[in-house]
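[1] Give me a 3D structure for the following:
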Amino acid sequence: MFDLLPDRVPWYVVGPGLGVLMVILFAVANQPLGASGAYVQTAGFVRRRADVAVWRVWYFVGMFVGGILVTQVLRTGAEIRSGYDALRAVWPLWFVTPLVFVGAIVMGYGAATAGGCTSGHGLCGTAQRSPASLVTTATFMASGIATTFVLRLLTGGDL
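    Prediction:
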């Protein structure tokens, strides 16, 4: 089998594609697209809440299934990876595991506090010119840049 997809789709393809998707979603459903919103809706669906947007449940399931399909079916030689190989190359597993766990808790807390995730605020909220989303997006971008800077200092440029 041949590789159907490149390692990364270029930004000039994905960026406009996401923009068009946002416009279509607002035109059709008048709702934003966000991963944490899809997670919350899926949790509500599992709990049998009545006010669930079922299309978001399918979106959530599609993120997971789509990732598996792309890595296992459309790509040859794909392997299951943790995604933390760069961290593992610098630090031992006993350090990386709690670091990733704490990072996930902090991200979840941040998404809950901010009322959405980076995709929801960064893509949809800023497109709606929401002041809260603009501040949130600026905050997570600044935090990401600062974290990258600190990691580069701590690892001597290995990360």
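[2] so where's the protein uncertain?
    Where the chain drops to pLDDT under 70, the residues are 1-7, 74-81.
[3] got the domain boundaries for it?
    1-80, 83-159 (automatic domain parsing).
[4] can I get those in JSON lines with mean neighbour count?
    Every C-beta, even on glycine, is put in place using the N, C-alpha and C of the backbone. Shown next, in JSON lines, are these (neighbours: other C-beta atoms under 10 Å):
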{"stretch": "domain 1-80", "mean neighbour count": "13"}
{"stretch": "domain 83-159", "mean neighbour count": "14"}
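[5] need the longest helix for this protein.
    The single longest helix within the chain, with elements called by DSSP state H, is helix 131-154.
[6] Show me the strands in this protein, by range?
    Along the chain, counting by DSSP state E, no stretch forms strands.
[7] residue boundaries of the helices in it?
    11-29, 35-46, 54-69, 85-90, 93-114, 118-119, 126-127, 131-154.
[8] hmm, back to that, list the helices and strands the longest helix of the chain packs on?
    With contacts taken as 3 or more C-beta pairs under 8 Å, 6 or more residues apart in numbering; DSSP states H and E, helix 131-154 sits against helix 93-114, helix 126-127.
[9] Distance check, V90 against S130.
    38 Å (C-beta to C-beta, to the nearest Å).
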